[in-house]
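In: model this:
(2 chains)
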Amino acid sequence: MSEHITHISVFEDSCTIIELSPQFHEAFKISIKKFPDSGLFGSGTRGNHLYAMPIFDRVKKKWGKHTDDDLKQVAFAVGLVTHRAADLIQKPIVKVTGDREKETGFKESDHEIYMDAVTFKYAYEGGTRKSISPMVSMNPAILETAMKSHPGARYVNTEMLEYNMTGVFHGDLLGLHQFTDSGSAVADLDEWLNKLIEKRQRLYEDLRVYIEAFQNPDPQKMSKFIAEQNYYNPGDEIIKLVRAKQHGKSITDINLEHAVELAKEQSQYAQMLSLSYNFLTVSNQFFTNKVSASAAYDALKIFPKSHRVLEQ
Amino acid sequence: MDNSTIDKSTLYDGRRTFLKKSALLGAGLIISPLFSHVAFGNTAPSAGSRMASTSFLDDCFRIVSVSNEIGAPIKAALESNIYKHVPGNTARLGRTFPSAIQHATSLMVVVKKNLRENKESNFADEKMAFSLGVLAQIGLDKNLGSALNKSETGIYLDAAILKDMNGMNPGDLIKGSYEELADLFRGMSPRFLTRIHTSIPDDEDAENWILRVDQWRRDLDRYYDELAQVYLNPDKNKYNSLIVRPGLYNPTDGLIKLARSTQRSTVKHTNISGLINKNIKQSSYANAMAVGYKLILAADQFINDQIDEEAFKVVLSKI
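Out: Modelled structure (predicted):
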């Protein structure tokens, strides 16, 4: 599975593509412009196969009478769709590394982390390109020990602060689940504790490995995971288009549809953007009643019956 | 990375039921107790306290770690590590449990049963760690609960604790830019989200969960600015009237000083009950720590059959 930085990056780049393309319904364009953070969080959330389509279905039926809450949910669903696209490209690739670990010595988790570090380096330009969410501060210090080069680090012991803030985020996130709001109605403590174990997030990604992969990458791993596999190529047309737009420049000699087609045979990152575009296109077609729910599920490669919620 | 623990979070049971429930619930009407003081919308005057509850639990666990009265299994269960999954990380989540005092005894009975069953699959150590956090939280609820719900007091309390942890006097002014500090806070969010890999949605109420997440992120965003401003440039009159005069937090209290020493260096094992029983007037925060410690000590004794359920209830009734 792919990692957080890559997921939010693919989401942000997909938002640029939505902006570039005239085909998308205003629900897509307005929602990500007005509530980019909701989409960004959606791109880092599980359950894309279940939750995106029902949101599109509900909001399209009330379009015209929609609220800001509906737009937040559409933006979130866009993030879920881009998450799915990134996963479908990356998962099979890193699985091969995992399957061959005994033979090669290279770990699947390292492969994923190196992808993230390289995404940070190229797509986020080492943390110097701003996030589209005003609530996320992209900064070169994001992948740095104790964020030591950050200007704010001179006021506080950042390791201690991060320890505290991690506890705040961790507990708050759990507190957003309805089961923690059961008040005096906790009927079965055993069941409540089991639910806790199911819902609590594990802090299982060691950030130090990400930092090492970005600050001091292992040449062998860079070669194996990135160069040999053509993970990222800034020369790919779709990447050039997106970056130019993000820097306020326009490229007139590259057609978006053509770039999407070319990307299918280009770097893995370009493939993620291409599939994301295609998934968003079919989501848009479903939203505008040009394709049925069944056709949209097929195109999104959501096949298990239990995941095709709208067909039940 | 430690990926050895079985993660049940990918179970899909109940995920589809969210749709029906979401359709029935009005958007954005479910609020966890943690967020009840801000509610939805952006009209609250201040984001209030966000850090004190977590710091408080950590401080309780710090004094437990140097106690000569509490056994090694409890201490081990409360050791947290933000670089890997350990039960102590879940202990820090104890603040999310609803109605802690009402369920405290039953919770310990369930925990003891789980420990006795000794099955790896029932996550007994992690449930125990969480429950110890719940017990400590009772101390905070009793001594500081109402203060935490006052938004400006909450911010001043968070800033005071953070400055004390940095070895500074909470009332001191610091020259600098609050925007830089707030930006540092904001930069910690993607690092946290990287640590957890992906967020687990509320399957029973997914569409409203999306709105709760959105509101939480907005509240945090506002909190970063408010905390940075009060941290660097506290209004001394407000600091005195909100924190000092009501006796909410005093860095010179024995238990707080011990927690800070434990944070900075190795501290030899200490008789914490002896420190508590000196009966010296302390801040509400230190009193809360004393309650948290007493309940964790009683939990240790209960789990090890040194006291029975009735005796545990007696300890609980006296706090």
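In: for the residue in chain A positioned nearest to chain B, helix, strand, or coil?
Out: Residue of chain A nearest chain B, by C-beta to the nearest C-beta: A:Gly152 (2.9 Å). Where you see a C-beta, it was placed from the backbone N, CA and C, and this is true even at glycine. At A:Gly152, secondary structure determined by DSSP: H, G, I helix; E, B strand; the rest coil is helix.
In: Find the residue closest to it in space, skipping its chain neighbours.
Out: B:Leu184 (2.9 Å; C-beta to C-beta, 6 or more residues apart in numbering or on different chains).
In: go on, A:Thr45?
Out: Closest to A:Thr45 by C-beta to C-beta, 6+ apart is B:Ser199, at 4.5 Å.
In: again, but for B:Glu179
Out: Using C-beta to C-beta, 6+ apart, the closest residue to B:Glu179 is B:Ala228 (7.5 Å).
In: and that neighbour, what does it touch?
Out: For B:Ala228, the contacting residues are A:152, B:178-179, B:181-182, B:185, by C-beta atoms under 8 Å, 6 or more residues apart in numbering or on different chains.
In: ok so, going back, so which strand or helix has the residue nearest to A:Gly152?
Out: Using DSSP states H and E, B:Leu184 sits within helix B:178-196.
In: can you pull the buried residues of that helix?
Out: B:178, B:180-196 (16 or more other C-beta atoms under 10 Å in any protein chain shown).
In: what about that helix, distance to the chain center?
Out: Relative to its parent chain, helix B:178-196 has a centroid offset of 19 Å by C-alpha atoms, centre = their mean, to the nearest Å.
In: and what of stretch B:252-270?
Out: Worked out by C-alpha atoms, centre = their mean, stretch B:252-270 lies 19 Å from the chain centre.
In: now do stretch A:150-160
Out: So, by C-alpha atoms, centre = their mean, the centroid of stretch A:150-160 is 28 Å from its chain's centroid.
In: Now do stretch B:148-163: everything it contacts.
Out: The contact list for stretch B:148-163, computed with C-beta under 8 Å, 6+ apart, reads A:156, A:161, A:164, B:37-38, B:44-53, B:55, B:140, B:144, B:147, B:169-170, B:172, B:223, B:226-227, B:230-231, B:234, B:238-239, B:242-243, B:248-249, B:251, B:285.
In: That should have said stretch A:132-143, apologies.
Out: Outside stretch A:132-143, the residues touching it (C-beta under 8 Å, 6+ apart) are A:8, A:12, A:15, A:32, A:36-37, A:40, A:117, A:120, A:124, A:126-131, A:147-150, A:153, A:210-211, A:214-215, B:183-184, B:186-187, B:189-191, B:217-218, B:220-221.
In: mind redoing it with 6 Å?
Out: Here stretch A:132-143 makes contact (C-beta atoms under 6 Å, 6 or more residues apart in numbering or on different chains) with A:12, A:15, A:36-37, A:40, A:120, A:124, A:126-127, A:130-131, A:147, A:149-150, A:210-211, A:214, B:183, B:186-187, B:190, B:217, B:221.
In: for stretch A:213-223, same thing?
Out: So stretch A:213-223 is contacted by A:113-114, A:117, A:120, A:143 (C-beta under 6 Å, 6+ apart).
In: buried residues in that stretch?
Out: Using 16+ other C-beta under 10 Å as the test for burial, stretch A:213-223 gives A:213-214, A:217, A:221-222.
In: Determine the longest helix present in chain A.
Out: What stands out as the longest helix in chain A, according to DSSP state H, is helix A:68-99.
In: In chain B, where is pLDDT below threshold?
Out: Counting by pLDDT under 70, chain B contains low-confidence ranges at B:1-46.
In: OK, contacts around the residue nearest in space to the middle of it?
Out: Nearest to the mean C-alpha position of chain B, by C-alpha atoms, centre = their mean, lies B:Thr54 at 2.9 Å. Residues near B:Thr54 by C-beta under 6 Å, 6+ apart: A:167-168.
In: Repeat that for B:Met188.
Out: For B:Met188, the contact set (C-beta under 6 Å, 6+ apart) comprises A:162, A:165.
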